[in-house]
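K.L.:
My questions concern the predicted model and sequence given below.
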Amino acid sequence: QVHLVESGGGLVQPGGSLRLSCADSGRTFRSYDVGWFRQGPGKDREFVAAIDWTGTRTRISDSVEGRFTTSRDLIKNLMYLQMDSLKPEDTAVYYCAARTGGISGYPDEYHYWGQGTQVTVTS
């Protein structure tokens, strides 16, 4: 069973950085492909980034390309979303999600979800 927990959200000024972490308390994370999604107020859930189970393949949304990166620590069994040059429009609840069968940008293709962590970018 996969049980995902996000952390690292908070309040940051425009231009600032945050690093989100995603952990699996069920300790089966290693074999799953993992994605990051976000949902802003009144908006649909949006794909942000994904990384495959080996940590060698990633996909980044055009909206955050050049500012966000994703990685995973296979030893610590953690996944990260590094967010730099943050903008007010990045304000959202950020979720990590897990699936098997390759990385995907479609939320419906993910089997497990964390509870989300709030990121607020404001001056």
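P.N.:
Alright, I've got the coordinates.

K.L.:
I'd like to know how many residues surround the closest residue in space to His111 that isn't next to it in sequence.
P.N.:
Counting by Cβ to Cβ, 6 or more residues apart in numbering, His111 lies nearest to Arg99, which is 5.3 Å off, once chain neighbours are set aside. Where C-beta positions appear, they are placed from N, C-alpha and C, glycine not excepted. Neighbouring residues of Arg99 were enumerated by other Cβ atoms under 10 Å; the total is 21.

K.L.:
Isn't Arg99 up against Phe29?
P.N.:
No: because the distance of 11.8 Å does not satisfy Cβ atoms under 8 Å, Arg99 is recorded as not touching Phe29.

K.L.:
Quick check: closest non-adjacent residue to the residue nearest the centre of the chain.
P.N.:
By Cα atoms, centre = their mean, the chain has its centre lying nearest to Trp36, at 2.7 Å. With Cβ to Cβ, 6+ apart as the measure, Val48 is the residue that lies nearest to Trp36, at 4.3 Å, once sequence neighbours are left out.

K.L.:
From Ser71, how far out is the one you found?
P.N.:
Going from Val48 to Ser71 by Cβ to Cβ, to the nearest Å gives 14 Å.

K.L.:
Same drill for those two, tell me which one is more crowded.
P.N.:
Neighbours around Val48 and Ser71, counted as other Cβ under 10 Å, are more numerous at Val48. The numbers are 25 against 14.

K.L.:
list the contacts for the more buried one?
P.N.:
If you count contacts by Cβ atoms under 8 Å, 6 or more residues apart in numbering, Val48 has them with 35-38, 60-61, 63-64, 68, 81, 94.

K.L.:
neighbours around the residue lying closest to Leu4 once chain neighbours are set aside, how many?
P.N.:
If the residues on either side of it in the chain are set aside, Leu4 comes closest to Gly114, at 3.7 Å by Cβ to Cβ, 6+ apart. Neighbour count for Gly114, taken as other Cβ under 10 Å: 21.

K.L.:
Then Gln115?
P.N.:
The criterion is other Cβ under 10 Å. On that basis, Gln115 has 11 neighbouring residues.
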